[in-house]
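Undergrad: could you look at this predicted model? Sequence included:
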Amino acid sequence: MSCEIPIDPARRRARGTASNRAGRFDLARSDAHDGWSDPEPLPPIRTEVRDEVVRSAITYNRSPDLPFDRSVNPYRGCEHGCSYCFARPSHAYLGLSPGLDFETRLLARPGLPEVLARELSAKRYKVAPIAIGTNTDPYQPLERDRGIARAVLEVLAAFNHPVAIVTKGTLIERDLDILAPMAAKGLVRVGISVTTLDAGLSRRMEPRAPTPARRMESIRRLTAAGVPVRLMASPIVPGLTDHEIEALLEAGRAAGADAASWIMLRLPREVSPLWQEWLAEHEPGRADKVMARLREMHGGRDYDPRWGHRMRGEGEYAAMIGQRFKAAARRFGLDGAVPALRCDLFAVPPQPGDQLSLF
């Protein structure tokens, strides 16, 4: 049966979920209790990392909800452990739990930069902005040791390829030596995701992500180096963080952001029960209100995956949030059009052994 028994809080300290629920493909999974009356105490859950053999680098999508059609992901799973992360169900495809496995059993993709360079060099390749960080965070703690995201950026810079990065990780500042020259050419934009300005709430929802104040500092440092940054108020959690919309945008603008966007909390597949476990443990007094608002926006369901609907929901409450965000973005000057990333500079760099032109 499905593993739904919450794991001892002492073992999952600084983790975002309470259980290791089975994924939808893991039919043979059983719960963690072996039937003995006095089981041995178990050690804290540690992060494990395995390497994946990379066969393809670029993932293409046809979603009308997304402003890009291709992305690159240096890692699978994310140690930030955000309790609400919409990407958790992707771990089920690996035979792992979208719960604690997602944040503790990670896959690194060390061959990604080389495969990416090969795909970009193909004669059939047509350039368009690549998104990084749309599934799991490229600047999660693991990146400090592995450096795969940085190596990917080095490849993109060598090809003068446009890139949009989304992250909560302040480690992105390490790569300003690559990002600043790319920004000067119009090749890069960064989105910094900030869910709340409340450090205590952030620590409970996003246990291993940098504090909100530290993320705002990243916006300052990036923009000071000439890298354009979008403040991403996402996800907005009804009944929990929705009162912060105006404050988030004001803080983002003060830090130097030149644009803003928002997404409503999404609970696809296994995320809904995991999120409701988190609410029961951390916000029991607000749990009913949060879920009632979400269901109001999704026709009585926890989540409606329809294109054009899943990111924002519908109904009076969703419309009110949209109106508040639009008014705040206008007030703080975050509603203007941003320049498109340049694609005209793309070129395959010379390779050893290439015949050089005489002209």
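TA: Noted; the coordinates are in hand.
Undergrad: flag the shaky bits of the chain, pLDDT-wise.
TA: Judged by pLDDT under 70, the chain has its weakly predicted residues at 1-8, 10-14, 16, 18-43, 353-359.
Undergrad: try 90 this time
TA: 1-46, 63-67, 93, 134, 307-310, 350-359 (pLDDT under 90).
Undergrad: what does the strand ranked longest in it rub up against?
TA: Scanning the chain for the strand with the most residues, using DSSP state E, yields strand 229-236. For strand 229-236, the surrounding residues in contact (C-beta atoms under 8 Å, 6 or more residues apart in numbering) are 84, 86, 166, 189-195, 219, 222-223, 242, 245, 248-249, 251-253, 255-266, 321, 325, 334, 338. No exception for glycine: its C-beta is placed from N, CA and C like everyone else's.
Undergrad: among those residues, which ones are in strands?
TA: Val166, Arg189, Val190, Gly191, Ile192, Ser193, Ala259, Ala260, Ser261, Trp262, Ile263, Met264.
Undergrad: OK, contacts around the last one?
TA: With contacts defined as C-beta under 8 Å, 6+ apart, Met264 is in contact with Pro235, Ile236, Pro238, Met297, Met311, Arg312, Gly313, Ala318, Ile321.
Undergrad: ok, now how distant is it from Ala292?
TA: Look at Met264 and Ala292: by C-beta to C-beta, to the nearest Å, they are 14 Å apart.
Undergrad: quick check: the residue nearest to Glu250 when sequence neighbours are not counted vs Lys326, distance?
TA: Nearest non-adjacent residue to Glu250, counting by C-beta to C-beta, 6 or more residues apart in numbering: Phe332, 5.7 Å away. Using C-beta to C-beta, Phe332 is found at 11 Å from Lys326.
Undergrad: next, count neighbours for Arg330.
TA: 12 (other C-beta atoms under 10 Å).
Undergrad: Arg253 contacts Gly333, correct?
TA: Yes - counting by C-beta atoms under 8 Å, Arg253 touches Gly333, with 6.4 Å between them.
Undergrad: so for these two, which residue has more residues nearby?
TA: Arg253 (20 against 13).
Undergrad: buried ones in the top helix by length along the chain?
TA: In the chain, taking DSSP state H as the definition, the longest helix is helix 316-331. Neighbour-count burial for helix 316-331, with 16 or more other C-beta atoms under 10 Å as criterion, is recorded at Tyr317, Ala318, Ile321, Arg324, Phe325, Ala328, Ala329.
Undergrad: the third one reaches Glu244, doesn't it?
TA: Translated: Ile321. No - using C-beta under 8 Å as the test, Ile321 is too far from Glu244 to be in contact (11.6 Å).
Undergrad: returning to that earlier point: closest one to Pro162 out of the contacts of Met264, please.
TA: Closest approach between those and Pro162, by C-beta to C-beta: Met311, at 22.9 Å.
Undergrad: residue contacts, the closest one?
TA: Asp65, Ile263, Met264, Arg266.
Undergrad: list the buried residues for the longest strand of the chain?
TA: Val229, Arg230, Leu231, Met232, Ala233, Ser234, Pro235, Ile236.
Undergrad: including distance to Arg118, could the residues you listed go into TSV?
TA: Below are the buried residues of strand 229-236 laid out as TSV (distance: C-beta to C-beta, whole Å):
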residue	distance to Arg118
Val229	31
Arg230	31
Leu231	35
Met232	31
Ala233	37
Ser234	33
Pro235	35
Ile236	40
